[in-house]
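> A structural model of the following input is requested.
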Amino acid sequence: MGEEKEDPKERVVDISLKDLSKKLEEFASARDWDKHHSPRNLLLAMVREVGEVSEIFQWRGEVEKGLPNWEESDKEHLGEELSDVLLYLIRLSDICGIDLADAASRKIVKNSIKYPSPKLL
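Sure, this is the predicted structure:
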């Protein structure tokens, strides 16, 4: 029997923010980009990427969850742009000395107190 090839689109990768952070740091260091990665520069780059995500949705009106009426190529493009936003956010948080996973976890707890579920009242 021949080996089945794995479809990369079906592959699920479970990677932590810390792992992504390490990969980004290695990527930037290997290209000597650290000198360009100031908080301001990273923030402006991330905002530009958010603009690119906005462009994808700009003329579509409201869209359904899961994007059922979108072409696969459009979904792939959206995934790439969302990834750019995420990667810049992770890099920015690292450069600023913020543990993003911890900050996000604490924020969820704060929000659950600020906005309690009506089911729990």
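
> apart from its neighbours in sequence, what residue is nearest residue 43?
Computed as C-beta to C-beta, 6 or more residues apart in numbering, the closest residue to residue 43 that is not its neighbour in sequence is residue 92, at 6.0 Å. Yep, even glycine has a C-beta here, placed from its N, CA and C like the rest.

> how about the spatially most central residue of the chain, what does it touch?
The centroid of the chain falls nearest to residue 86 when counting by C-alpha atoms, centre = their mean (2.5 Å). By C-beta atoms under 8 Å, 6 or more residues apart in numbering, the contact set of residue 86 is residue 20.

> and it, which helix or strand is it part of?
Assigning secondary structure by DSSP states H and E places residue 86 in helix 72-95.

> for that helix, what is the distance to the chain centroid?
Here the centre of helix 72-95 is set off from its chain's centre by 4 Å, with C-alpha atoms, centre = their mean, to the nearest Å.

> average model confidence for it?
Regarding helix 72-95, the rounded mean pLDDT is 98.

> with stretch 34-52 instead?
Across stretch 34-52, pLDDT averages out at 97.

> next, residue 117: phi, psi?
When read as degrees, to the nearest 10, the backbone of residue 117 gives phi -70, psi 130.

> what about it, neighbour count?
Using other C-beta atoms under 10 Å, residue 117 has 7 other residues around it.

> list the contacts of it.
If a contact means C-beta under 8 Å, 6+ apart, then residue 117 has no contacts.

> for it, give its distance to residue 107.
Per C-beta to C-beta, to the nearest Å, residue 117 is found 16 Å from residue 107.

> pLDDT at residue 14, what is it?
Looking at residue 14, its pLDDT reads 88.

> no, scratch that, I was asking about residue 118
Per-residue confidence for residue 118 comes out at a pLDDT of 87.
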